[in-house]
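> coords please:
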Amino acid sequence: MEPITKIRLSEQVIDAIKEMIVKDGFNPGDKFYSENQLTAKLNVSRSSIREAIRILEAVGKVRVEHGRGIFITDSVEDPFSAFSGWLRNNAQSIVEHFEVRLMIDPKAAAYAAEKADEQDIESLTTVCDKFKQLSGSNNTAGIIKCDEEFHRLLAKATKNRTLYFLMKAMTDSLSEGWISSLHTPGRIEKTVAEHKEVVEAIVSRNPQKAEQAMTLHLNNALDDIRKSMSSEKKD
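Numbering: from 1, shown residues only. Alright, predicted model coming up:
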């Protein structure tokens, strides 16, 4: 049940911040509470607050100005336009995120195909099913948490503690890659099929196929993000 709890917590933090914006009377252009204030008010970890703010920034609810704070944006702005701006502002960190994951995730998939036990496979299958179930909804926060959980469980299935803690740190603190990918049009549906390919290779104990499937998944995601960035530049 751990993955579901984490997914629900993320959704709850985002919903609580949205409710706070309305109930506390914040308007477009107003400076919002700081991360420290939000952590105290909601009694959750600072990493949960940061991830929620990143997601809300990607969908155009808030704007983070480094050194100045969090500001409320105009809620009637086109969400895709807001996301395109967020992509542009975070382009370098997003590309770096995928460069690191291309070094880690494919090998993790290969090791998982060799070392995953029945519980690991069941957990990966469950989170894939949950991702597919959410893919037709507007619950982007839940979908992002499912994707992060899939890659964290994959690292856990390698039985390599260092790799697991490295991936856990990335999913807890460096979520730009997951946010950028799953807000890109069509990527959620593609991810359903690509995750399935990885899990099928693990179930069939085929390390080479698992590594290839994961490499293709990450390269496809990065290609789609780059296309979104290029589209924004042309506009």
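> C-terminal to the least confident helix or strand in the chain by mean pLDDT, what's the next element?
None of the helices or strands of the chain scores lower by mean pLDDT, DSSP states H and E than helix 79-89, at a mean of 67. Per DSSP states H and E, the first helix or strand lying C-terminal to helix 79-89 is helix 91-115.
> And that next one, what's buried?
By 16 or more other Cβ atoms under 10 Å, the buried positions in helix 91-115 come out as 91, 94-95, 97-98, 101, 104-113. For the C-beta atoms, the positions are set from N, CA and C on the backbone; glycine is no exception.
> Just the mean pLDDT for it, thanks.
Taken as a whole, helix 91-115 has an average pLDDT of 91.
> And stretch 129-139, by the same measure?
In this model, stretch 129-139 carries a mean pLDDT of 88.
> Do a quick rundown of the helices in the chain.
Counting by DSSP state H, the chain has helices at residues 2-23, 35-42, 46-58, 79-89, 91-115, 118-135, 140-157, 161-173, 176-183, 187-203, 207-234.
> Quick check: pLDDT value at the residue located most distally from the centre of the chain.
When distances are taken from the C-alpha mean of the chain, residue 25 lies farthest, 29.2 Å away, according to Cα atoms, centre = their mean. The score at residue 25 is 91. That number is its pLDDT.
> same thing with residue 60?
On the pLDDT scale, residue 60 is placed at 77.
> Then the one 5 residues further on?
In the prediction, the pLDDT value recorded for residue 65 is 87.
> what residues are up against the most centrally placed residue in the chain?
Nearest to the geometric centre of the chain sits residue 178, at 2.9 Å (Cα atoms, centre = their mean). Shown in contact with residue 178 (Cβ atoms under 8 Å, 6 or more residues apart in numbering): 144, 147-148, 171.
> With residue 195 instead?
Counting by Cβ under 8 Å, 6+ apart, residue 195 has contacts 128, 131, 150, 217.
> thinking the third one is in contact with residue 131, fair?
Put plainly, it is residue 150. Yes. Using Cβ atoms under 8 Å, residue 150 and residue 131 qualify as a contacting pair, with a distance of 6.7 Å.
> separation between the residue farthest from the centre of the chain and residue 74?
According to Cβ to Cβ, to the nearest Å, residue 25 and residue 74 sit 16 Å apart.
> do the same with residue 66
20 Å.
> Between the two, point out the one with more neighbours.
The neighbour count for residue 66 versus residue 74, taken as other Cβ atoms under 10 Å, is higher for residue 74 (12 against 5).
> Now do the contacts for the more buried one.
Contacts for residue 74 (Cβ under 8 Å, 6+ apart) come out as residue 28.
> What does the pLDDT read for it?
73.
> And the one 4 residues further on, by the same measure?
Looking at residue 78, its pLDDT is 58.
> before we move on, back to that, of the helices of the chain, which approaches residue 29 most closely?
Among these, the nearest to residue 29 by Cβ to Cβ is helix 2-23 (12.4 Å).
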